[in-house]
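Participant: here is my input; please provide its structure:
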Amino acid sequence: MSRYTAPMADRTDTSPAWPRALALRFLPTRGGRLALLALLALPVVLVDGVRSMDADLPGFLAGLARGGAAVPAERGFLLEGLLTDGVGAGLARLGVPLGALALAWWGFGLLLLAAVLALSLRRGELAFRDLLLLVAFSHLVDTLALWVGKFDPWLMAFLVLSAWRAPAPALAGSVLAAACHPILAVLSTAGVVAVDFALDRRIRWAQAVAVAVAAGADLAVVHRVVPGLVDRTGYAENLATGLLHDAALLALPTLVSAALVPFALVRHFAGPFGYGGRQGAAALAAWAGVVLFVGCVATLDHTRVLCLLTLAPALAFLRHQGRGCAMERWDWGLFALLLLCRLALAQIDGDGAIASTPYPLAPWSGP
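Facilitator: Predicted structure coming up:
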C-alpha cells in the first residue's frame, strides 16, 4: 500500500498562548477531545443559527404511513430514499406527532452519526485529527444545523461508513446511503473508489457495483410505489433556466467558500498531500470536476450538496496521507484565527448566502 509520507515542518505557536494551552488541556483524554469538538462546533451554530427545511415532508411520510400520500409531482425527489421513507413513515405509525416528526428523525439521525463516528475512531478507520479538521474547517456542522428536517444525519452516517477500509462495512455503507439518496451515494462512492485507485492502486469493484445496483433498485421501487413523481433529473430540467441563472451568480462564491478554502485550511494542518502520480491525480481531478459541476451548477442547495458529496472521499483521502506533526505541536493560535475566519463562509443555496454573511448577489426566485 502506497502512502505519502513527506516530512512536515514543525509549527510552533507564535501568539497568543491561550489556544495552545486550551488544546493541550483537552487533547490527552477522550472526554477532553469530545469537549474540543463541541467547542469547535458551537461557534458555527451560534453564528449560522438553526433552520428547519422541507416543512411538507412530514405530511408526505405520514400519508405513506396511512397507506397513501398526495405528493405533488415536483416534490417527488423528497421521497427517493426507501430507507428514509421507511424511517419517517415508521415514526408516524408509532404515533410521533406530525409537528415533531422531522425533529424526531433528525435527532435519531444525529445519534446514529455520533455512533458511527465513535465506532470509526475506535476501530481506527478514522483519525481524530481528521475529524477535528473537518468539524473546524468544512461545512459539516452548519449543514446539519441549517437543514434540520432533512435526513442528512442518516446519510452522513452511512457515507462515513462507506469510507472504511474494511470492505464489508464500506459496501454496506454505500448501499444504505443509496437507500437514502441514490444519486448522491453513487457520486460519493465514485470519489472513494477514485481515492483508493489514486493512492492505493486498488479498485473497490464490489462496492462500486453494489451502490449502482442499490441506487437503481431504490429509484425503481420508489417510482413504482408512488407513480408519477418527477425525479431529480426531471426536476433539474424543469428549472434549467433558473439553475443557469443561479449558477452565474453563485457558482464562483460556492467554489471558493465550500471547496477551495476548506481544502486549503485542512491541508495547512494535515500536511503536504500526495495525489498518486499522474494517473491518480487524473482520476481525482475527473471526479472533482463532476462533483464541482453538480454542487456549483446543477443544484440549488450548493454548499450542502458539496459537503455531502465530499465527506466520504475526504475521509478516505486524509487516511492515505502522512500524519504530519502531532496535533500538540500545531500552531493553535493560527488555528483559532483561521477558525474565526472560517465563520465568514456562509452556506449558499438558491436564495443566496444563508445566515450571517450574505454575499452581494441577487438571489434567484423560482417560479
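Participant: quick check: longest helix of the chain.
Facilitator: Ranked by residue count, the top helix of the chain under DSSP state H comes out as helix 98-122.
Participant: what's in contact with the helix or strand that comes right after it?
Facilitator: Per DSSP states H and E, helix 98-122 leads on to helix 128-137 as the next helix or strand towards the C-terminus. Applying Cβ atoms under 8 Å, 6 or more residues apart in numbering, the contact partners of helix 128-137 are 33, 36-37, 40-41, 117, 121, 140-141, 262, 265-266, 269-270, 311, 314-315, 318-319, 323, 327, 335, 338-339, 342. Glycine gets a C-beta too; all of them are placed from N, C-alpha and C.
Participant: of these, select the buried ones using a PyMOL command.
Facilitator: Filtering these down to the buried ones (16 or more other Cβ atoms under 10 Å) takes a single PyMOL command:
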select buried, resi 33+36+37+40+41+117+121+140+141+262+265+266+269+270+311+314+315+318+319+327+335+338+339+342
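Participant: now, the contacts of helix 128-137 that are in helices?
Facilitator: Judged by DSSP H, these include 33, 36-37, 40-41, 117, 121, 140-141, 262, 265-266, 269-270, 311, 314-315, 318-319, 335, 338-339, 342 as members of helices.
Participant: residues touching L315, list them.
Facilitator: When contacts are counted by Cβ under 8 Å, 6+ apart, L315 touches L126, D130, L134, V160, A163.
Participant: can you report phi and psi for L27?
Facilitator: Dihedral pair for L27: phi -70, psi -30, per degrees, to the nearest 10.
Participant: that one contacts A326, correct?
Facilitator: No. In this structure L27 lies outside contact range of A326 using Cβ atoms under 8 Å: 9.1 Å.
Participant: so for those two, which residue has more residues nearby?
Facilitator: Per other Cβ atoms under 10 Å, whichever of L27 and A326 has more neighbours is L27, with 17 against 10.
Participant: and the more buried one, what is it in contact with?
Facilitator: R33, L36, M327, E328.
Participant: dump the residue contacts of the closest residue to the second one other than its chain neighbours.
Facilitator: Right, L36. Leaving aside its sequence neighbours, L36 sits nearest to F26 (Cβ to Cβ, 6 or more residues apart in numbering; 4.1 Å). By Cβ under 8 Å, 6+ apart, F26 lies in contact with G32, R33, A35, L36, L39.
Participant: follow-up on the earlier one: between helix 128-137 and the longest helix of the chain, find me the angle.
Facilitator: 140 degrees (axes from the mean of the first three to the mean of the last three Cα atoms, to 10 degrees).
Participant: where does the stretch 201-350 of the chain dip in pLDDT?
Facilitator: For the stretch 201-350 of the chain, applying pLDDT under 70 flags the ranges 227-243, 323-324, 350.
Participant: could you rerun that using 90?
Facilitator: Filtered on pLDDT under 90, the stretch 201-350 of the chain yields the residue ranges 201-202, 219-253, 268, 270-280, 296-302, 320-331, 342-350.
Participant: swap in the stretch 1-150 of the chain?
Facilitator: Along the stretch 1-150 of the chain, the parts satisfying pLDDT under 90 run over 1-28, 47-57, 59-81, 98-99.
Participant: now tabulate the contacts of L315 in CSV and tack on distance to R201 and neighbour count.
Facilitator: Output for those, formatted as CSV (distance: Cβ to Cβ, whole Å; neighbours: other Cβ atoms under 10 Å):
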residue, distance to R201, neighbour count
L126, 22, 22
D130, 22, 19
L134, 26, 21
V160, 24, 22
A163, 18, 28
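Participant: report the separation between F137 and L260.
Facilitator: F137 sits 12 Å away from L260, going by Cβ to Cβ, to the nearest Å.
Participant: who's more crowded, those two?
Facilitator: For F137 versus L260, neighbours defined as other Cβ under 10 Å are more numerous around F137 (25 against 12).
Participant: need the nearest residue in space to the more buried one, chain neighbours excluded.
Facilitator: L265 (4.0 Å).
Participant: what do you get for A286?
Facilitator: Nearest to A286 is A194, by Cβ to Cβ, 6+ apart, at 7.4 Å.
Participant: list the contacts of stretch 163-174.
Facilitator: 120, 123, 125, 158-162, 185, 188-189, 192, 204, 206-207, 210-211, 214, 311-313, 315-316, 319.
Participant: next, the contact list for the residue nearest the centre of the chain, please.
Facilitator: In the chain, the C-alpha nearest the mean C-alpha coordinate belongs to L308, at 2.6 Å (Cα atoms, centre = their mean). By Cβ under 8 Å, 6+ apart, the residues touching L308 are T143, D152, L155, M156, L159, H181, L184, S188.
Participant: quick one: which of these is nearest to F60?
Facilitator: Closest approach between those and F60, by Cβ to Cβ: H181, at 16.0 Å.
Participant: and stretch 91-109, what's buried?
Facilitator: Using 16+ other Cβ under 10 Å as the burial criterion, the residues of stretch 91-109 that qualify are L91, A92, V96, L101, A102, A104, W105, W106, G109.
Participant: ok, these vs A62, which is closest?
Facilitator: Nearest to A62 among those: A92, at 4.3 Å, using Cβ to Cβ.
Participant: wait, the closest one sits on A65?
Facilitator: Yes. Contact status for A92 versus A65: in contact at 4.0 Å, counting by Cβ under 8 Å.
Participant: chain neighbours aside, what residue packs nearest to F317?
Facilitator: Closest to F317 by Cβ to Cβ, 6+ apart is V195, at 4.9 Å.
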